[in-house]
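Q: Pasted the sequence and its predicted model underneath.
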Amino acid sequence: MRTHLTNSVEILYLSLMLRWERTAPPDRHKGIQEGVAKINSQTARLAYVIKLLALGVEDKVFGTFERYTRRNDGNSYISSDPSWMESPYPIFSGWYFEGCTSLSQKLSCIRCVSKLGLSAVFEKCIEDFVAGATVVEYMPTREEQEAILESLRLRGELDFEISEPEHRTKLLSTAESVEGSTLCPSCPAD
């Protein structure tokens, strides 16, 4: 099965997940991320991804998650009604995730992303991100990145040209810059 993302929107989401991976405190620890105090947890990572997916299309995305994350008692793990939740975790714009869930329950919530038009590879990428695994392997190779840019250019969806070689190198080396990084500069690489 293909492991690299090829959809430009999914690659944008991946780049934001990679930024989280580089800047967040270690898993299950509190710290400062981009100037804000946060706890890096499975729940926080799931809420982050759902918020990314919902930006600009909140009703569609949250409605889909609410519809496809129903529990046996009729409540949904992602809901605008937190009254029944043991540990409501705010996601965005009045929507909450039931934070008192196992990893298995969190991953089952992700399985509806195909209903949003996202790929099975991206679903697996989200699962790895939520579980705390690195997602750098989902970044397209240099050749795949070039092909994606060329495809966007041919369809007229790329409204700029990268003419300077150093900018092209910076754009295409995202995976390499993340691969060797650690969450904490004072910690040894794993």
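A: Here it is on my side, so go on. All values derive from a computational prediction rather than experimental measurement.
Q: remind me, longest helix of the chain?
A: Ranked by number of residues, the top helix in the chain under DSSP state H is helix 8-23.
Q: Moving along the chain from it, name the first helix or strand you hit.
A: Where DSSP states H and E defines the elements, the next helix or strand beyond helix 8-23 is strand 29-33.
Q: so what's T174 scoring on pLDDT?
A: According to the prediction, T174 has pLDDT 40.
Q: now the longest helix of the chain, how far from the centre of its chain.
A: 6 Å (C-alpha atoms, centre = their mean, to the nearest Å).
Q: That helix - what's its average pLDDT?
A: 88.
Q: Could you list the buried residues of it?
A: Using 16 or more other C-beta atoms under 10 Å as the test for burial, helix 8-23 gives 10-11, 13-14, 17-18, 20-21. For every residue, glycine as well, the C-beta is placed using N, CA and C.
Q: any idea of the angle that helix forms with strand 29-33?
A: 110 degrees (axes from the mean of the first three to the mean of the last three C-alpha atoms, to 10 degrees).
Q: could you say what helices and strands helix 8-23 packs with?
A: helix 42-54, helix 120-131, helix 142-154, helix 174-179 (3 or more C-beta pairs under 8 Å, 6 or more residues apart in numbering; DSSP states H and E).
Q: Next, the angle helix 42-54 makes with that helix.
A: Using the same axes, to 10 degrees, helix 8-23 lies at 150 degrees relative to helix 42-54.
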